[in-house]
Structure formats: structure tokens, C-alpha cells
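Engineer: sequence first, predicted coordinates after that:
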Amino acid sequence: MSLVIFPHRGTQLESLINGASQSLLFFISFYIFLREPNRKNKFIFLNFVVFFLISFLQYVYSFIGVAFLTEAKYSGHLFAQYSMIAYILLLSVAVIYLVIDLLFRDFKTYQKYLSTFTIVLFFFVYYFYPYFQDPLYLYSTEDIKQWKTLIEHVPQDGEIPAPISLANQVTLQSWQHGVAVGDLYPEENLKRIEELSQYLEGNNYLVLLWKPIRFSLIYMNILIMGFVLLFFGYQYKKDPPQGAYIDKIMFLLLLFSSMEILHNWGYIKSVEWSSMTELFIVGQYITVIIQIMMILFFSLRLQFITSVQGEFYETELATNPQQISRWRDWIDNIVLAQFFNFKIFNGRLFQSSLKK
């Protein structure tokens, strides 16, 4: 209804599906949080509730600078920038808290959050503090400053001059923290003009503009992947009892962060804005497929904990975890049937029933 009533940016079908799937994950996570019998797990899914809440900003972005805040020149840019930053921050907290909860089960809740925020904020501040120090930081990078110098020498209604021609007219400067510190040597000047000339056509400069934040998102997703791998490494080594379907959700989060890295790397390596848009569309569909799988396992988790059997299992897991076997779902049964001798795995997963 809002798309019908208010003027907005062009919206793609895949973006709407992506936003809808994340919105659905928000509601499922919220109901898991409400019905979760294990108090410790409540906080795990509370983090996912907060993370998926960010999906509603995707809808709002379509109207910023078009229907609302039209007088603010950079409103759309700032909204998109801080939405991406909030997105990766909340995802990092949700994943790392879950891993901390697994590694340090005896920690109190506030200790788990303290550990999580210490780790997350250390990397977050390192990669994103410039965007809070200067909201328009992306417009003050060396790439954009040099691009602005070049674009002034490009005729509006004509062909873009050859790099050697531009090098004869323009001497680019080296920039640090938004301040020019000196002219480039002739060879370096020509090399930089050759690199930047491909961004002088149309909206290609937008790829250059968003490049720094894309790199920061890649580094944060690598951090997330590292903690997910730590989760599975600890599971393999210690095999602690874990809530049903949580390991499947973590595996999907591993795929999710992996695809986020590939998408952002593709954006950075795309010279033309149109190519980046095409990659974005393809990436959206891949992300949607992963999110549909997440909807499945979040729903199975909700169904499980609201059943009598599931409520009993999760309660015992919270009070007496060493005396129960790990819950084995249908995915586990398929893996065992395909790759192992299914008959011997009639107890704890990967624990032989043969007596010593």
C-alpha cells in the first residue's frame, strides 16, 4: 500500500522477496523467543529478533529522499550507509553471542554479552569509526577526490578523453584524511588516471564511492565466518548437547556470510554501475534461497519447542545436559543413512552403542 500511495525509488521483485523473507524470519524468531522453554536460548533468538528487525529498513529506504526528507541532499546516501552498518553489526552480535554461549555455557548472561560486545566492537570500531567521525566520509576518500578532479575535465556532451590526454591536462593529488598532501609524479599520475577513467562514464562512480564500505563489510563477514567455523570445530571436538536445529541454522549463516563476501567482492570488481546492478540482482536471488532455508529451520525449531516432546528435551537440556542424548533430526538421519553405518548410531550422535 505504501508503494502505491507514496512516490518511491524503483523496486525490484527480488528486493521485495528478500525483504519479505527477512520480515517473516523476524516474526518466527519473535515467536521462538516467546515460546522458548530454555531461558538461555531466549537470548540467542532475541538477538535474531533484533537482527531481522533491520529488514524493515529496506522498505523505508525506498521512500527516503523521494517521499520523505526530500530537502536533505544526502538523506538517501546516509540512510543506506548506516543501514548497512547496522545490518552487519547486529548480524555479528547474533552469531558471536551464539558461539560464546556454546563455548562458555557456565557464563552468566551479562558475561556472554560483555564478551560478545568486546569482540564485536573491537573490529566494528576499527572498520567503521570513520563513518561516525564524518557521515560523508565516502565522499572524502582519495579515490573520490581524484575522480572529482578528473570529471571536471570531461566534457558533458562528448567522449571521455584518453588517459594520456587527461594526464597532460591534470595532475592528481595524493590525499590523506580528506586533505591534499602533494601532487603525484607523472608516471603515477598517468597510472591513476588510467585506473579512474573507467569510472568517468555515467553512474560508474557509484561503484568507486561505495568501495570502502564494501571492503569493511567483507572483513566483518570473514570474522563471522571464523566464529561459525569455531562453532562447528568445538561441536566436532567436544560434542556438547545443543538445542534442536541450531547447528543447521548456523550452517546456513555460514553460507549466508560466504555469499555476502562474494557479493560485495563482485560489487567492488564491477567497473560499470549496470554490471554491479546485475550482480546485485543475482546475489539477491541466491540470498533469498538461503533465507527460505532459514525460514524452514526456524519454523522447525518453533514447531519443535512448542511440542510436548520438544519442550521436555529443551528443559532437560537446560537443567541436566550431560544425562541426555543429542536430538537427532531428519537431516541427521539422512546424513547417517548415506555416509555411515546407520545401525550403530542408536544413541548420541556419533557415539557407538558398543560396550567397552
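Structural biologist: Yes, it's here.
Engineer: from here on, just use CA atoms for contacts and neighbour counts.
Structural biologist: Fine.
Engineer: helix or strand: which one has the residue nearest to the spatial centre of the chain?
Structural biologist: Computing the C-alpha centroid of the chain and ranking residues by CA atoms, centre = their mean puts Ile88 first, at 4.8 Å. Here Ile88 sits within helix 75-103, counting by DSSP states H and E.
Engineer: what sits against the residue nearest to the centre of the chain?
Structural biologist: Shown in contact with Ile88 (CA atoms under 8 Å, 6 or more residues apart in numbering): 217, 220-221.
Engineer: re earlier: what are the buried residues along the helix holding Ile88?
Structural biologist: Neighbour counts over helix 75-103 (16 or more other CA atoms under 10 Å) mark 75-77, 79-81, 83-85, 87-103 as buried.
Engineer: quick one, longest helix in the protein?
Structural biologist: With secondary structure taken from DSSP state H, the chain has its longest helix at helix 273-305.
Engineer: what is the mean pLDDT for that helix?
Structural biologist: For helix 273-305, the mean per-residue pLDDT is 85.
Engineer: now swap in stretch 138-148 and tell me
Structural biologist: 92.
Engineer: how about it as CSV, C-alpha atoms only?
Structural biologist: The C-alpha coordinates for stretch 138-148 follow below in CSV (Å, rounded to 0.1, in the frame of the first residue of the first chain):
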residue,chain,number,x,y,z
LEU,A,138,32.8,8.1,1.5
TYR,A,139,32.9,11.5,-0.4
SER,A,140,36.3,12.4,1.2
THR,A,141,38.3,9.3,0.2
GLU,A,142,41.3,9.6,-2.1
ASP,A,143,39.5,7.8,-5.0
ILE,A,144,36.5,10.1,-5.0
LYS,A,145,38.7,13.3,-4.5
GLN,A,146,40.8,12.3,-7.5
TRP,A,147,37.7,11.3,-9.5
LYS,A,148,36.2,14.8,-8.9
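Engineer: which residues does that stretch contact?
Structural biologist: Stretch 138-148 is contacted from outside by 131, 172-178, 196, 199-200, 205, 208-210, 212, using CA under 8 Å, 6+ apart.
Engineer: can you list the low-confidence ranges for the protein?
Structural biologist: 273, 275, 318-356 (pLDDT under 70).
Engineer: for it, just list every one of the strands.
Structural biologist: 173-176, 179-183 (DSSP state E).
Engineer: can you put the ones you listed in CSV and add mean neighbour count and distance to Met225?
Structural biologist: Shown next, in CSV, are those (neighbours: other CA atoms under 10 Å; distance: least, CA to CA, whole Å):
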stretch, mean neighbour count, distance to Met225
strand 173-176, 16, 32
strand 179-183, 12, 36
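Engineer: turn the ones you listed into CSV, columns for distance to Gly283.
Structural biologist: Converted to CSV, the strands of the chain look like this (distance: least, CA to CA, whole Å):
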stretch, distance to Gly283
strand 173-176, 33
strand 179-183, 36
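Engineer: show me what contacts Ala86?
Structural biologist: Contacts of Ala86 (CA under 8 Å, 6+ apart): Ile54.
Engineer: in the stretch 101-250 of the chain, which spans are helices?
Structural biologist: 109-133, 142-151, 163-169, 186-196, 205-209, 211-238, 246-269 (DSSP state H, counting those that start in this stretch).
Engineer: so how far is Val93 from Phe123?
Structural biologist: Look at Phe123 and Val93: by CA to CA, to the nearest Å, they are 12 Å apart.
Engineer: look up how far Leu25 lies from the residue nearest to the centre of the chain.
Structural biologist: Distance from Ile88 to Leu25, by CA to CA: 17 Å.
Engineer: got JSON lines for the helices of the stretch 101-250 of the chain, with mean neighbour count and distance to Thr70 too?
Structural biologist: Output for the helices of the stretch 101-250 of the chain, formatted as JSON lines (neighbours: other CA under 10 Å; distance: least, CA to CA, whole Å):
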{"stretch": "helix 109-133", "mean neighbour count": "15", "distance to Thr70": "22"}
{"stretch": "helix 142-151", "mean neighbour count": "18", "distance to Thr70": "24"}
{"stretch": "helix 163-169", "mean neighbour count": "15", "distance to Thr70": "36"}
{"stretch": "helix 186-196", "mean neighbour count": "16", "distance to Thr70": "31"}
{"stretch": "helix 205-209", "mean neighbour count": "21", "distance to Thr70": "20"}
{"stretch": "helix 211-238", "mean neighbour count": "18", "distance to Thr70": "24"}
{"stretch": "helix 246-269", "mean neighbour count": "18", "distance to Thr70": "27"}
